[in-house]
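Novice: turn this into a model:
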Amino acid sequence: MTQTTSIRRDGERPLLLDLFSCAGGAAMGYARAGFTVHGCDIAHRPNYPFTYHRGDALAHLARLIATGEIRRYAFVHASPPCQHGCALTVGTNASQGWGRSHVDLVAPTRELLDATGLPYVIEQPNGRAKIRKDLSLCGEMFGLRVIRHRNFELGGWTVRQPAHVPHRGRVRGYRHGRFYDGPYVAAYGNGGGKPSVPELQAALGIDWTDVREELTEAIPPAYSEHIGTAFLATAPLAVAV
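Specialist: Numbering: from 1, shown residues only. From the prediction side, this is the model:
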């Protein structure tokens with residue numbers, strides 16, 4: 001059962017901080033749930049659909065805490081870079097000697113999020129990322145054409161875990177030189193039977209960017225809409241000070 005938490009609102013909608021925001025997959029879901037969203041990413045993200053700050057996410061969060069501006073926000077979502085611990089990096093890529101070293105930003109992100117005193121979410125893919133799997137979501141739970149398992153650590157609040165829906169078949173594409181058809185598309189990489197950009201957009205539920213790299217990094221907005229709706233349904237609103 002979700003804990004009751006008094007949250008702040010900015011105007012008519014509570015204000016959410018979206019860290020490591022990429023092109024806004026998570027942001028769009030939260031906006032649909034009822035939040036006003038401010039994003040932050042170190043890369044240039046001209047396709048991000050909401051108010052956006054370009055810069056280091058942890059430095060930006062530290063400044064908001066130091067100045068007290070963090071009190072404007074009701075909730076924080078963070079998707080720190082996942083290459084350090086994702087299943088692909090530590091599995092296939094590592095076994096083949098591919099890839100490069102990646103920095104693990106989960107622990108410093110959590111430390112700053114705890115310092116805000118706000119409810120938050122840390123999102124990571126399946127793999128070795130050191131987060132609590134308080135909530136795990138899959139595209140099939142929302143009728144999407146991607147599986148895209150994602151895990152969420154919830155800080156300062158809880159939500160019920162929905163049942164995992166059995167997958168309907170394979171992810172379409174080549175495996176060891178053989179092509180397999182299936183109801184899902186592979187929302188990562190390029191080549192090897194990977195989907196076209198329009199197919200990716202349709203499968204993820206994202207239509208505001210056509211950049212493949214942004215699409216392959218994004219979480220489906222349906223995930224964060226589910227999270228945001230669940231949080232707002234049980235958290236009374238308080239006016240920001």
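
Novice: where's the residue lying closest to G169 once chain neighbours are set aside, which helix or strand?
Specialist: Computed as CB to CB, 6 or more residues apart in numbering, the closest residue to G169 that is not its neighbour in sequence is G182, at 4.3 Å. Yep, even glycine has a C-beta here, placed from its N, CA and C like the rest. G182 belongs to no helix or strand when elements are defined using DSSP states H and E.

Novice: for A66, same thing?
Specialist: Counting by DSSP H and E, A66 is found in helix 57-67.

Novice: what do you get for A43?
Specialist: Going by DSSP H and E, A43 is not in any helix or strand.

Novice: look at it and report its pLDDT.
Specialist: pLDDT recorded at A43 is 96.

Novice: please apply the same query to A238.
Specialist: The model's pLDDT for A238 equals 49.

Novice: what do you get for A235?
Specialist: Residue-level confidence at A235 comes out at 76, pLDDT.

Novice: flag every buried residue along whichever helix in the chain runs longest.
Specialist: The residue-count maximum for a helix in the chain (DSSP state H) belongs to helix 221-234. Buried residues in helix 221-234, counted by 16 or more other CB atoms under 10 Å: 221-228, 230-232.

Novice: between the residues you listed, which is closest to H149?
Specialist: Ranked by distance to H149 (CB to CB), the buried residues of helix 221-234 are led by Y223 at 10.3 Å.

Novice: show me the beta-bridge partners of the nearest residue to that closest one once chain neighbours are set aside.
Specialist: Leaving out its chain neighbours, the residue that sits closest to Y223 by CB to CB, 6+ apart is L137, at 4.8 Å. When assigned by DSSP bridges, L137 has beta-bridge partners R150.

Novice: could you measure from L137 over to A57?
Specialist: 22 Å (CB to CB, to the nearest Å).

Novice: neighbouring contacts of the helix holding A66?
Specialist: Residues from elsewhere that reach helix 57-67, judged by CB atoms under 8 Å, 6 or more residues apart in numbering: 17, 19-21, 40-42, 53, 69-70, 73, 76, 78, 80, 105, 108-109, 112-113, 115-116.

Novice: which of these are buried, as a ChimeraX select command?
Specialist: Here is the ChimeraX command that selects only those of these that count as buried (16+ other CB under 10 Å):
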select :17,19,20,21,40,41,53,70,73,76,78,80,105,109,112,113,116
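
Novice: in helices, which of the contacts of helix 57-67 fall?
Specialist: 108-109, 112-113, 115-116.

Novice: and which of those residues is nearest G177?
Specialist: Nearest to G177 among the ones in helices among the contacts of helix 57-67, counting by CB to CB, is T109 at 39.8 Å.

Novice: all set, thanks.
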